[in-house]
Each structure stands twice: as C-alpha cells, then as structure tokens.
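Engineer: Take this sequence and fold it.
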Amino acid sequence: MIAMIEQEIVHKKGWMNEEEMAEMMAIAGSAPGGVAVNSSAFIGYRLAGILGAVTAVFAITLPTFMIVFLLSLLSTIFKDNEKVTAALQGIHASIVALIIVAACKMWKSSILDAATLMIAAIAVLLLLFTSIHSLYLILGGPLAGIAVVLCKRKLGMAVRTEKPPYEEKRELQYPEYYI
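Structural biologist: Numbering: from 1, shown residues only. The predicted model follows:
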C-alpha cells in the first residue's frame, strides 16, 4: 500500500518529492493508527486542508469497510453452511498465526523489565479469570506503564524508555502476509 501511495504521489502526480515523502512516512509511522491511513490524511491535509484530510481518510478506509460489511452480510446468510463454517475455521487459524507473528515482532522491540512483565502477567490473568472487557486492559496497560515510570522517577529509580543500541545481526527475511 505504501509503495502504491509513493508511486502515485511522488512519481505520477508530483505532489511531493522523495524527501518530503520520506519525512511524511516517518511521521505517519510514528503516529498511532495505520501508516496508510495516516499518510493519506497527511497528503490530503497538505493538498486541501482539513477537508482534504477527511476526504482522504474516508477514501482509503471505505473499500475495506465495504468489504467487511459485505462479508458480514454474507456470513449471516451462509452461517449454517458447513463448507463456509469450515472455511471460516481455517481463516481463524491463520489469523491466530498472524497475531503470533505480530506479537513476536513487537516482543523484539519491547523494553522488558520486571514492571513490564508484571503488567503483562496481570493483564493476562485478568483476561483469563475475570469477565473484564479486553478494551479496558488495552487502555489500562499504557496507563499502568506511565504510572510505573512516574513512580520510579519520583523514587529516584532509573527508568528505561528506550532499548540500548545493539549491533545489527543479519537476520533471515521472511515475507509478510496480510489478510
């Protein structure tokens, strides 16, 4: 998606040069949300202000929304079909695999200390043994992390907010597949 956006914006339309595109991608990648949506909003804002940003975000998310909407309609129609049920079970397995791959990638770049592991363990236990909604855990995790950092700073303890630099090792590159 990003390569397509760059091809269209830089090479075909000429709305940005390559340096501006690289800066925009850095900003879009560091902001919360999808990079494609963020970059579309940035480009739309640059070309037509707030209305351009809103239009760009709407345009890039509409196809995905329509596909999911149509699939949900079809799933209600075919929910009792054995072949459809079997296909959906296979899709569930692949989604679990994709989530595991994403978790492993995030794990590599995570800052791991006793407090972080404790927050994660508490979240898993709450998720498994209580009826608390996962959204509260997703929202509470960062808040708990911020609270730990503030407490450590107040107590004069060392706080790591970045991983120490390390030598880059040549790793095998595997293609990433997304549904």
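Engineer: list the helices and strands the helix ranked longest in the chain packs on?
Structural biologist: For the chain, the longest helix by residue count, based on DSSP state H, is helix 35-77. For helix 35-77, the helices and strands in contact under the criterion 3 or more Cβ pairs under 8 Å, 6 or more residues apart in numbering; DSSP states H and E are helix 2-6, helix 18-30. For glycine as for every other residue, the C-beta is placed from the backbone atoms N, C-alpha and C.
Engineer: Show me what the mean pLDDT comes to for it.
Structural biologist: In this model, helix 35-77 carries a mean pLDDT of 91.
Engineer: Report the angle between it and helix 18-30.
Structural biologist: For the pair helix 35-77 and helix 18-30, the angle between their directions (axes from the mean of the first three to the mean of the last three Cα atoms, to 10 degrees) equals 50 degrees.
Engineer: Could you break the protein into its assigned domains?
Structural biologist: 1-77, 80-109, 110-163 (automatic domain parsing).
Engineer: With mean neighbour count as added columns, please give these in CSV.
Structural biologist: Shown next, in CSV, are the domains of the chain (neighbours: other Cβ atoms under 10 Å):
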stretch, mean neighbour count
domain 1-77, 14
domain 80-109, 10
domain 110-163, 12
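Engineer: what's the least confident stretch among the ones you listed?
Structural biologist: domain 80-109 (a mean of 84).
Engineer: Pull the distance from it to the chain's centre.
Structural biologist: 16 Å (Cα atoms, centre = their mean, to the nearest Å).
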